[in-house]
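Enquirer: predicted model follows, preceded by the sequence.
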Amino acid sequence: MMKMKLMVLSIAVASWLVPVLSWANWNDPTLTADWKKAVLGTAFEVTYYNAPSDARIGIFPKGGSAEAPVVYKTIAKGSGVVNLTLPETAGTHLFSAVMYTVKSGKVEVISEPLQFPADKNTAILEMKTDKEMYAKGAVITVNYRNAPVGNGDAIAIYPQSKGKLAAEPVARQTVTASEGSVTFKISDNGYYSIHYLFEGEKIPGWDAADIIVGTPVTLILPKPKCIPEEDVIVEYKGFSKNNNDWIGVFPFVSNTSTAEPLYSVEIQGYTASEIVIPSGTLAEGSYRLVAFRHNSRNALNSLAVRLTISSGTNSLQYSDDKTITYYNIVSAKDGLCISTEPLAKEKDKQKMMKLVALNEQSDYVQWKLVKRENGRTDIINRATGEYILTFSTLLGNSNYSKMGIPEETTNNGFTFSYLGKDQYALGSLEDDGVTRYLANIASGDIVTMKKESDSEFAWQMIPVETVVTGIKEARAANESVRVQDHHIVVTGNQDYTLWDAEGKAVGKHQVVMPGVYMVKWADGRNVKVCVR
């Protein structure tokens, strides 16, 4: 028996798992605030959590001691909010708030410090760059205002590496006025963060801006030319872990800054990996792959990668109203083939599928491939007109594939993924949203899906005959084309010429090498033939 094995591919990223304070366990004494700086002489709120009995919150300047706070308050046990006011005489400084206890005259700090600047200005620092992306060596201008201008203040640029900032900046400019601009030049490709350093300290999450220099992202196509039945692999590296950048696929002749992508993938913070564009997603043609900054059309790499999808030696031939190509569908595992003959006398519209030994002369083991409007393919039997159905029946722990006459709303068609060695994986998206693949597995077995040649999921598509019909199929009366011993054999009308994929004429009766050929009749009809 043949059945379909469930395979679910999913990558889930929980974007809500972003802690505000990552250093603390949930039950540690903790201080937080929802403001960016304190104003001298004005009350401000500090929220606390998990305070023990007799705890205090004290505020002291950089380099100061918790034993001599500028101001403190005793807080109630548990969690709550306390109002604090720094006197105007405290001066412009970087301050820290801590939770502590005093026992027998000894001070014990029990929370991580909450750092913040304080001055007399109610306005908050604003810092902006003139652009988001720069060429290597270009002038980067940072405009700022309402700077606190503490002792040792500066604006600095830090490289990002896998989402983390480098320990030291690549450039730094001292700030001596509350409003102004500073300029930098960066000579290396990459993602960078610009920080205001208050008294020389980088305050987490305070007034940072992200920029991109040069072309940090690299897109690589291990195989830049693929047949429609191949999965397209795109390798990438150099993305920032901080941004949800994305990759888009566009027609080669298009404006990538405005055109809608034919296919796109969000990187979701992965700096280097690969994406897979499933076989059958892109029609034959030329495409450009471009990397963009998150939620924008700002391209991250100046040279787009070119992808070509075109038929080749291993491409399948899809039938239409002019030509029909029939295939044997044979399991690479044991040589058995898909046939309608064992159940041909059953009257049910839908039947469980069975595999049989290959009889090359039997119409019951011959199938044609017909493209659907959704881009997928119907697989239709020559003898009975029955389809391999793209919905299965769950029995026990197995999904059993079926064949029969489908209802229009339930059959979605198959996709073919080329596995090498003239073998394909046949997959279908079922109504429950799961993609399942035809597999030659004994009843009750559980096997992990693998897109590999010679596996349970690998099928040989062996061409039997191409019939040139014009309008209707008339197997005996019209021309047919087949490959025999590396010769292309044409029956019927002999007023034809033979051409290879490069447009060169080929002798009608000569031995041909593997490749794609075109049979052209004088009356304008033609048919493509694959020699393997």
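Expert: Arrived safely. Here the structure is a predicted model, which means the values were calculated and not measured.
Enquirer: helix or strand for S187, which one?
Expert: Using DSSP states H and E, S187 falls within no helix or strand.
Enquirer: how much space is there between it and G248?
Expert: Remark: distance between S187 and G248 (Cβ to Cβ, to the nearest Å) = 29 Å. Bear in mind the C-beta positions are built from the backbone N, C-alpha and C, glycine included.
Enquirer: compare neighbour counts for the two and give me the winner.
Expert: When S187 and G248 are compared for neighbours, G248 comes out ahead with 21 against 10, by other Cβ atoms under 10 Å.
Enquirer: on the three-state scheme, the more buried one is what?
Expert: Using DSSP: H, G, I helix; E, B strand; the rest coil, the structure places G248 in strand.
Enquirer: pretty sure it contacts Y263?
Expert: Yes. Between G248 and Y263 there is a contact under Cβ atoms under 8 Å: 7.4 Å.
Enquirer: which helices and strands does the helix or strand hosting M403 pack with?
Expert: Assessed by DSSP H and E, M403 sits inside strand 402-404. Packing partners of strand 402-404 (3 or more Cβ pairs under 8 Å, 6 or more residues apart in numbering; DSSP states H and E): strand 350-352, strand 387-388.
Enquirer: change it to 10 Å
Expert: Applying 3 or more Cβ pairs under 10 Å, 6 or more residues apart in numbering; DSSP states H and E, we find strand 402-404 packed against strand 350-352, strand 377-381, strand 387-388.
Enquirer: V481 is nearest to which of the ones you listed?
Expert: V481 lies closest to strand 377-381 among these, at 19.4 Å (Cβ to Cβ).
Enquirer: quick check: mean pLDDT across that closest one?
Expert: Mean pLDDT, strand 377-381: 92.
Enquirer: need the overlap of contacts for G248 and Y263.
Expert: Residues within reach of G248 and of Y263 at once, by Cβ atoms under 10 Å, 6 or more residues apart in numbering, are 287, 289.
Enquirer: and the pLDDT at G396?
Expert: G396 is given a pLDDT of 66.
Enquirer: typed the wrong thing, it's E408
Expert: Taking E408 on its own, its pLDDT is 59.
Enquirer: same check, this time on P61
Expert: On pLDDT, P61 comes in at 89.
Enquirer: roughly how far does the residue lying closest to it once chain neighbours are set aside sit from S111?
Expert: Among residues not flanking P61 along the chain, H93 sits closest, at 4.2 Å (Cβ to Cβ, 6 or more residues apart in numbering). Computed as Cβ to Cβ, the H93 to S111 distance reads 20 Å.
Enquirer: the strands in the stretch 151-300 of the chain, which residues?
Expert: For the stretch 151-300 of the chain, the strands defined by DSSP state E, counting those that start in this stretch occupy 154-161, 164-165, 171-174, 180-185, 190-198, 201-202, 208-213, 218-220, 225-226, 232-237, 246-251, 263-266, 273-277, 285-292.
Enquirer: just tell me which of those ends up closest to Q115.
Expert: Minimum separation from Q115 across these (Cβ to Cβ) falls at strand 201-202, 7.1 Å.
Enquirer: what residues are up against G404?
Expert: Contacts of G404 (Cβ under 10 Å, 6+ apart): 340, 343, 346, 348-353, 384, 386-389, 411.
Enquirer: with adjacent residues omitted, what lies nearest to it?
Expert: With sequence-adjacent residues excluded and distances taken as Cβ to Cβ, 6+ apart, G404 is closest to Q350, at 3.7 Å.
Enquirer: residues in contact with the one you found?
Expert: So Q350 contacts 386-387, 389, 391, 393, 402-407, 410 (Cβ under 10 Å, 6+ apart).
Enquirer: if we use 7 Å, what do you get?
Expert: Contact analysis of Q350 by Cβ atoms under 7 Å, 6 or more residues apart in numbering lists 389, 402, 404.
Enquirer: so which of the contacts of G404 comes closest to M513?
Expert: Within the contacts of G404, proximity to M513 (Cβ to Cβ) peaks at I388, which comes in at 32.5 Å.
Enquirer: touching, the closest one and I379? I think so.
Expert: Yes. I388 sits in contact with I379 when judged by Cβ atoms under 7 Å, with a separation of 4.4 Å.
Enquirer: just give the closest residue to the residue minimising distance to the centre of the chain, not the sequence neighbours.
Expert: By Cα atoms, centre = their mean, the chain has its centre lying nearest to V265, at 3.9 Å. Nearest residue to V265 in three dimensions, chain neighbours excluded: I275, at 4.8 Å (Cβ to Cβ, 6+ apart).
Enquirer: count of neighbours near that neighbour?
Expert: Close neighbours of I275, defined as other Cβ under 10 Å, add up to 18.
Enquirer: then I124?
Expert: Using other Cβ under 10 Å, I124 has 13 neighbouring residues.
Enquirer: one more: the one 10 residues further on?
Expert: If you count neighbours by other Cβ under 10 Å, Y134 ends up with 20.
Enquirer: who's it bridged to?
Expert: V213 (DSSP bridges).
Enquirer: now it: how far from L358?
Expert: Using Cβ to Cβ, Y134 is found at 63 Å from L358.
Enquirer: again, but for E452
Expert: Using Cβ to Cβ, E452 is found at 22 Å from L358.
Enquirer: have a look at these two and say which one is more surrounded.
Expert: Taking other Cβ under 10 Å, E452 and L358 do not tie; L358 has more neighbours (18 against 14).
Enquirer: do I have it right that the more buried one meets S339?
Expert: No. Assessed by Cβ under 7 Å, L358 is found out of contact with S339, at 8.6 Å.
Enquirer: between the two, what contacts are shared?
Expert: The contact lists of L358 and S339 share V365, where a contact means Cβ under 7 Å, 6+ apart.
Enquirer: residue ranges in the stretch 51-200 of the chain under the pLDDT threshold?
Expert: The stretch 51-200 of the chain contains residues with pLDDT under 70 at 162-163.
Enquirer: picking that back up, so what pairs up with the residue nearest to the centre of the chain in the strands?
Expert: Note on V265: beta-bridge partners by DSSP bridges are I247.
Enquirer: quick one: contacts for it?
Expert: Contacts for V265 (Cβ under 7 Å, 6+ apart) come out as 246-247, 275.
Enquirer: quick one: pLDDT of it?
Expert: 92.
Enquirer: show me the beta-bridge partners of W521.
Expert: Beta-bridge pairing of W521 under DSSP bridges involves Y496.
Enquirer: that one and D321, how far apart?
Expert: 16 Å.
Enquirer: which one's more surrounded, these two?
Expert: Per other Cβ under 10 Å, whichever of W521 and D321 has more neighbours is W521, with 17 against 10.
Enquirer: can you name the residues that contact that one?
Expert: 493, 495-496.
Enquirer: and the gap between it and E452?
Expert: Computed as Cβ to Cβ, the W521 to E452 distance reads 41 Å.
Enquirer: about what we covered before: please check the contacts of G404 and keep the buried ones.
Expert: By the neighbour-count criterion of 16 or more other Cβ atoms under 10 Å, the contacts of G404 include these buried positions: 340, 343, 350-353, 384, 386-389, 411.
Enquirer: quick one, what contacts the residue in the chain sticking out farthest from the centre?
Expert: Ranking residues of the chain by C-alpha distance from their mean position (Cα atoms, centre = their mean) puts S104 at the top, at 59.9 Å. For S104, no residue meets the contact criterion (Cβ under 7 Å, 6+ apart).
Enquirer: so how many other residues sit close to H487?
Expert: For H487, using other Cβ under 10 Å, the count is 14.
Enquirer: give me the pLDDT value at it.
Expert: 82.
Enquirer: what's near enough to touch it?
Expert: 509, 511.
Enquirer: go again with 6 Å.
Expert: Residues near H487 by Cβ atoms under 6 Å, 6 or more residues apart in numbering: none.
Enquirer: since that was my last question, I'll sign off now.
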